[in-house]
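>>> have a look; sequence and predicted model below, questions after that.
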Amino acid sequence: MNNRRSRQLLDAVNPLLAGGEQVELTGMANVGSVSAKRQVLTTAVVGALTAGTVIATVQPRPTYWVLTDQRLLFFDGKTATGKPGKLLVTVPRNLVTAAPLSKALLGLGLKTLLTIEGQEKGLKMVFPPAAKAAGRDFAARIPVSL
């Protein structure tokens, strides 16, 4: 993430910080997952409507993330300007664990699965190739899920 985007993200998060809360890391990742059923359905519908001239894919939402000493915050990364958008979710850091990092699709980027205490489903984070270093730093600061 470039310095300008990093500053914009810090500007968005600063008013939300509690007294004494410190930002440790910031970055961008694709967060969430898309089921194979939804991918196939989307491709089939778009292909049928366009007589096969267009192929559509569905992918997880690009999201800016901020790791503080107390919380993990996610901001919308899919805005018209590319600037961090609205706050999507905040999770207390002590409730988050992560699976060990592994290679993402085709070895491009890294991925992990966050487990949030009290939630049935995990939250998949895929760090694109340009964000591999941030992904490694992130994983090093989050306890490993068992």
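Alright, I've got the coordinates. The structure presented is a predicted model; accordingly, all values stated were derived computationally and were not measured. Numbers count the residues shown, from 1 in each chain.
>>> give me the mean pLDDT for the helix or strand harbouring Leu73.
Assessed by DSSP states H and E, Leu73 sits inside strand 71-76. On average, the pLDDT along strand 71-76 is 94.
>>> strand partners (parallel or antiparallel) of that strand?
If you go by DSSP bridges, strand 71-76 pairs up with strand 61-68 (antiparallel), strand 87-92 (antiparallel).
>>> might you report the residue contacts of the residue of the chain most remote from its centre?
Farthest-out residue of the chain from its mean C-alpha position, per C-alpha atoms, centre = their mean: Ala51, at 33.9 Å. Contact analysis of Ala51 by C-beta atoms under 8 Å, 6 or more residues apart in numbering lists nothing. Just so you know, the C-beta spots here come from the backbone N, C-alpha and C atoms, and that holds for glycine as well.
>>> which residues are in contact with stretch 124-131?
With C-beta under 8 Å, 6+ apart as the test, stretch 124-131 has contacts from 1, 27-33, 60, 65, 98, 104, 108-114, 134-135, 138.
>>> just the ones of those residues in strands?
27-31, 65, 98, 110-114 (DSSP state E).
>>> dump those to CSV, plus distance to Ala18 and neighbour count.
CSV is the format used below for those (distance: C-beta to C-beta, whole Å; neighbours: other C-beta atoms under 10 Å):
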residue, distance to Ala18, neighbour count
Gly27, 21, 23
Met28, 24, 22
Ala29, 24, 26
Asn30, 28, 21
Val31, 23, 20
Trp65, 18, 24
Ala98, 23, 20
Leu110, 30, 23
Lys111, 30, 18
Thr112, 26, 24
Leu113, 27, 16
Leu114, 21, 20
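>>> return the item of these having minimum pLDDT.
The member of those with the lowest pLDDT is Val31, at 82.
>>> that older thread, tell me which of the ones in strands among the contacts of stretch 124-131 is nearest to Val13?
Distances from Val13 to the ones in strands among the contacts of stretch 124-131, taken as C-beta to C-beta, are shortest for Trp65 (10.1 Å).
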